[in-house]
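**Student:** Would you be able to build a 3D model of this:
(one chain, ligands or ions: 1)
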Amino acid sequence: MTENTSAVFTAACVQMNAQRDVEPNIKAATDLIRAAHAKGARLIVTPENTTILEPDKKASLAKTPVEAEHPGLPAFSALAKELGAWLVIGSMPVRAEPTRIANRQFVFNPAGDIVARYDKIHMFDVDLPTGESHRESAQVRPGVEAVVADTPWGGLGLTICYDVRFAYLHRALAQGGAKYLTGPAAFTVPTGEAHWHVLLRARAIETGCFMFAAAQTGMHADGRGTYGHSLIIDPWGKVLADAGSEVGVVTAEIDPALVTKARHAVPALTHDRSFTKPQGALSAAGE
Ligand SMILES: O=C(O)CNC(=O)[C@H](CS)NC(=O)CCC(=O)C(=O)O
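**Tutor:** Numbering: from 1, shown residues only. Below is the predicted model of the structure:
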């Protein structure tokens, strides 16, 4: 189908509860993507780690093939083509080096072609007050390139999960042509409760972009919980859809004209100034 590039269209976020093994996750994602399409969605975004949420690093590496051998690629390519929809797989980790993976996002056009790839740049290395610790950098090779995909509705800037805490990436994407941002995630419950909505709304407001943040939800392997609340947000910061904590699909009508409207009202994206930086330096602990 040829898209009318200025017309209102329906976008969807798929909310998943991915488990350890790739094939059942592909099947679960496929069913939800079909449900999103049945609701009229022309652009469908899935969460970070759509294809695998395996806490055991050795097992995760063993289950993560190189891109060319990953069963998710032919499956999602065929699905995008069958549905005639734009499909963003929030992330599908692939082997990047013998012992490291890339936390990679894929954009498929309605012909089933991969039109963009993005490797997550910022690594989630944290020790939370709840005792939950993550060392993403121990296994993931971080990306070094910000990516804006071309869609019929305008630029789609790609980010993943912890990237949401880095405003400069989003600003660079918007200044590089993005009118829409993806923010697929597997957010922790405590940081989600405290930070998720405000961070995503801030990124949408600062950039004058729509935000599509598809999330993992519920309990995963080894007692790991994720926050859910997939969000679709407009460029003025209004939450158009919030998926709550259940597995499922949320949709929203996207009016591309709202991007121009928000940026005309407050053209902050064009008001950058240069300034000298303060001399201080952070310690390793970040203080
Ligand atoms: O490790 C895996 O198996 C899958 N990957 C994730 O869950 C990623 C990296 S550990 N999670 C986040 O980035 C959460 C960020 C977050 O929660 C915050 O910024 O507060």
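**Student:** When you work out contacts or count neighbours from here on, use the C-alpha atoms and nothing else.
**Tutor:** Will do.
**Student:** and Gln139, how far is that from Trp153?
**Tutor:** 35 Å (Cα to Cα, to the nearest Å).
**Student:** what's the answer for Lys57, then?
**Tutor:** Lys57 is 39 Å from Trp153, by Cα to Cα.
**Student:** and these two? which has more neighbours close in?
**Tutor:** Neighbour totals were compared for Lys57 and Trp153, and Trp153 leads with 18 against 12 (other Cα atoms under 10 Å).
**Student:** how long is stretch 170-184 end to end?
**Tutor:** Terminal residues of stretch 170-184 are spaced 14 Å apart (Cα to Cα).
**Student:** Could you pull out the buried residues of stretch 234-248?
**Tutor:** 234-237, 239-243, 245, 247-248 (16 or more other Cα atoms under 10 Å).
**Student:** and which of those is nearest the ligand?
**Tutor:** Comparing the buried residues of stretch 234-248 against the ligand with Cα to the nearest ligand atom places Ser245 closest, at 15.2 Å.
**Student:** got a list of what the nearest residue to the closest one once chain neighbours are set aside touches?
**Tutor:** Closest residue to Ser245 apart from its sequence neighbours, by Cα to Cα, 6 or more residues apart in numbering: Gly228 at 5.0 Å. The contact partners of Gly228, by Cα atoms under 8 Å, 6 or more residues apart in numbering, come to 15, 186-187, 215-218, 243-246.
**Student:** State the phi and psi torsions of the closest residue to Asp125 other than its chain neighbours.
**Tutor:** For Asp125, ignoring the flanking residues on the chain, the nearest one in space by Cα to Cα, 6+ apart is Arg135 at 4.3 Å. Backbone torsions for Arg135, taken as degrees, to the nearest 10, come to phi -130, psi 70.
**Student:** right, and Arg135 touches His122 too?
**Tutor:** No. At 11.5 Å, Arg135 does not count as touching His122 under the criterion of Cα atoms under 8 Å.
**Student:** So the closest residue to the ligand within the stretch 151-287 of the chain: helix, strand or coil?
**Tutor:** The minimum distance from the stretch 151-287 of the chain to the ligand, using Cα to the nearest ligand atom, falls at Phe187 (3.4 Å). Classification of Phe187 using DSSP: H, G, I helix; E, B strand; the rest coil returns coil.
**Student:** Roughly how far does it sit from Phe106?
**Tutor:** 19 Å.
**Student:** Get me the contact residues on the protein for the ligand.
**Tutor:** Taking Cα under 6 Å from any ligand atom, the part of the chain that reaches the ligand is made up of 49, 53-55, 124, 134, 136, 161-162, 186-188, 191.
**Student:** neighbours around His37, how many?
**Tutor:** His37 has 22 neighbours, counted by other Cα under 10 Å.
**Student:** before we move on, what about Ala36?
**Tutor:** When counting by other Cα under 10 Å, one arrives at 24 neighbours for Ala36.
**Student:** Check which residues of whichever strand or helix holds it are buried.
**Tutor:** Using DSSP states H and E, Ala36 maps to helix 22-38. Within helix 22-38, the residues that count as buried by 16+ other Cα under 10 Å are 22, 25-26, 29-30, 32-37.
**Student:** want to throw those residues into TSV with distance to Val8 and pLDDT?
**Tutor:** Converted to TSV, the buried residues of helix 22-38 look like this (distance: Cα to Cα, whole Å; pLDDT from 0 to 100):
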residue	distance to Val8	pLDDT
Val22	35	98
Asn25	31	98
Ile26	29	98
Ala29	25	98
Thr30	25	98
Leu32	22	98
Ile33	20	99
Arg34	21	98
Ala35	20	98
Ala36	17	98
His37	16	98
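**Student:** with those in mind, which one is nearest to Leu200?
**Tutor:** Distance to Leu200 across the buried residues of helix 22-38 (Cα to Cα) is lowest for Ala36, with 21.8 Å.
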